[in-house]
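Trainee: my questions are about this predicted structure, shown below with the sequence.
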Amino acid sequence: MGSTLSLAATYCCCTSAASLCNSCLGSTAEGTSGRKRAVLLLTLAITVALFFQYSVGPGIVQESGWIWRTYRAIPGVGKLVYNAWMEGCEEYEGDILSQCAGNAGVMRPMFITFLFFIFQAIATHVQPQLNREAWPAKYAIFSFAVLICMFIPNSPLFTGFFLWTARIGAAVFVVLQQIILIDVAYNWNDDWVEKSNEADRISFGSGGGWLQAIVGACVFLYACAIVGIALLYSYFTGCSENTWVITLTLIGILAMTVIQLTGQDGSLLTSSVMSIYGVYLCFSIVSKNPNGVCNPNLGKNDVWDTVIGLTLTAISLAWTGWSWSAEHRLTVDNVQTTKSMSPTTSASQNPDAINLDVPFLDPEDTPATGVVMGQEGGVAVGGTDLWKLNAVMALISCWVAMTLTGWGTLEDESQAANPTLGRVNMAIIGVSQWLAILLYIWTLIAPRVFPDRDFS
């Protein structure tokens with residue numbers, strides 16, 4: 001009877017919390033997509049993963065902390081949870097044991113999140129409006145799934161199957177993240193150039209500040225990339241593999257920059273963003289080297305790698321949740337069209353700033369203001385391809401799992417507990433890095449190779 005009441009109370013709390021989040025993040029009316037709720041769920045999953053990694057996992061296997069005392073107080077539960085979290089970690093002890101349990105703790109909520117978005121992607125592919133419906137129930141199911149997974153053994157589900165699934169998914173996301181950063185960098189450059197042009201139309205010469213800001217950003221990012229390469233040469237050399245990785249990264253940066261400068265496509269700001277990202281991936285590669293001779297970070301808690309990885313995750317989440325799914329990138333056959341019919345503020349306030357070469361209205365359009373969302377078949381659209389949003393969220397779940405666990409490696413001072421996996425991780429990140437670099441180079445040379453095609 002007591003367990004039934006406890007279960008009912010838990011369900012009520014989860015449902016109430018989910019309803020509160022649902023109301024705070026807007027309605028579920030037609031025209032909404034549910035992407036903010038999806039981003040919030042992934043954010044909560046990351047928070048739970050950090051809690052499991054640094055508190056729950058080590059506390060259970062070391063039999064300390066309030067979490068362990070709580071489970072031990074429940075008859076039969078303490079032993080069940082202890083055995084589940086020790087599965088696959090029996091051969092380790094001390095700090096490596098805590099790392100093993102912490103990594104398994106990360107895998108639990110991220111595996112549930114990965115499954116959630118995979119099923120969500122399948123469902124929204126069939127019925128797009130499901131992405132904005134029933135979020136209180138979704139949050140409740142997610143919460144129960146995370147709770148249940150605490151009783152499931154680490155191996156083979158979390159530290160076996162999902163570990164390798166997450167490695168592959170994270171490698172794919174590294175390439176996708178390059179696309180995200182390319183898009184962000186191009187939009188960043190275009191936005192500041194447009195602001196400069198608008199300022200010049202109002203007062204000639206006043207737009208120079210925006211162009212100077214672009215140059216300043218390029219100089220800063222390239223300076224960071226050069227300093228990063230120098231630091232990598234200083235601290236991570238001593239073995240041939242690290243030296244080759246750093247040198248090839250430098251060659252890739254030079255190739256991207258030279259190709260961009262010798263052509264009419266791309267922008268130096270985009271190249272600088274790609275360069276600093278390449279340096280970050282280079283650091284990720286060499287910091288996974290199991291050879292302590294050329295890896296001073298071996299056995300240390302690499303806070304910077306985690307912080308940078310989570311920052312890139314936040315950028316990807318923002319772009320995925322608030323940009324990609326909201327614009328035409330996810331539409332097919334122009335299912336959704338967004339047209340802004342409002343004049344710009346500067347044009348409305350300054351008659352001299354009006355561009356007379358652009359018609360006020362398309363002859364086929366009726367006068368309107370604000371944002372007009374196209375519809376097809378009487379159903380509010382903007383969602384036929386929302387399954388792509390969920391697919392990206394699933395890949396982000398894999399990336400976060402790898403970022404927090406060092407791609408599944410276990411390290412003690414000056415040695416790696418699983419050196420083979422360390423070299424596998426180096427290879428996976430290295431391949432992803434060069435796929436990303438070659439992808440950006442292709443965006444620069446494709447218009448030259450096929451001048452008759454539109455790559456805009």
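Mentor: Sure thing, it's come through.
Trainee: now do the contacts for the closest residue to Val61 other than its chain neighbours.
Mentor: Excluding the flanking residues, the one nearest Val61 by Cβ to Cβ, 6 or more residues apart in numbering is Ala101, at 4.2 Å. Backbone N, C-alpha and C define where each C-beta goes, glycine included. Ala101 makes contacts with Gly57, Pro58, Ile60, Val61, Trp85, Met86, Cys89, Asn154, as judged by Cβ atoms under 8 Å, 6 or more residues apart in numbering.
Trainee: who wins on neighbours among the residues you listed?
Mentor: Trp85 (29 neighbours; other Cβ atoms under 10 Å).
Trainee: that one reaches Val61, doesn't it?
Mentor: Yes. Counting by Cβ atoms under 8 Å, Trp85 does reach Val61; the two are 5.7 Å apart.
Trainee: now for the contacts of Ala101: which two are most distant?
Mentor: For the contacts of Ala101, the farthest-apart pair by Cβ to Cβ is Pro58 and Asn154; their separation is 13.6 Å.
Trainee: report the distance from stretch 44-58 to the chain centre.
Mentor: 18 Å (Cα atoms, centre = their mean, to the nearest Å).
Trainee: name the residues of it that are buried.
Mentor: Neighbour counts over stretch 44-58 (16 or more other Cβ atoms under 10 Å) mark Leu44, Ala45, Ile46, Val48, Ala49, Leu50, Phe52, Gln53, Tyr54, Val56, Gly57, Pro58 as buried.
Trainee: check stretch 257-274 too.
Mentor: Thr257, Ile259, Gln260, Gly266, Ser267, Leu268, Leu269, Thr270, Ser271, Ser272, Val273, Met274.
Trainee: now tabulate these in JSON lines and tack on secondary structure.
Mentor: As requested, the buried residues of stretch 257-274 are exported to JSON lines (DSSP: H, G, I helix; E, B strand; the rest coil):
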{"residue": "Thr257", "secondary structure": "helix"}
{"residue": "Ile259", "secondary structure": "helix"}
{"residue": "Gln260", "secondary structure": "helix"}
{"residue": "Gly266", "secondary structure": "coil"}
{"residue": "Ser267", "secondary structure": "coil"}
{"residue": "Leu268", "secondary structure": "helix"}
{"residue": "Leu269", "secondary structure": "helix"}
{"residue": "Thr270", "secondary structure": "helix"}
{"residue": "Ser271", "secondary structure": "helix"}
{"residue": "Ser272", "secondary structure": "helix"}
{"residue": "Val273", "secondary structure": "helix"}
{"residue": "Met274", "secondary structure": "helix"}
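Trainee: just send the residues you listed back as CSV, with pLDDT and distance to Pro109 too.
Mentor: Below are the buried residues of stretch 257-274 laid out as CSV (pLDDT from 0 to 100; distance: Cβ to Cβ, whole Å):
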residue, pLDDT, distance to Pro109
Thr257, 92, 40
Ile259, 91, 42
Gln260, 90, 41
Gly266, 71, 39
Ser267, 82, 39
Leu268, 87, 41
Leu269, 87, 37
Thr270, 87, 35
Ser271, 90, 37
Ser272, 91, 36
Val273, 88, 31
Met274, 88, 32
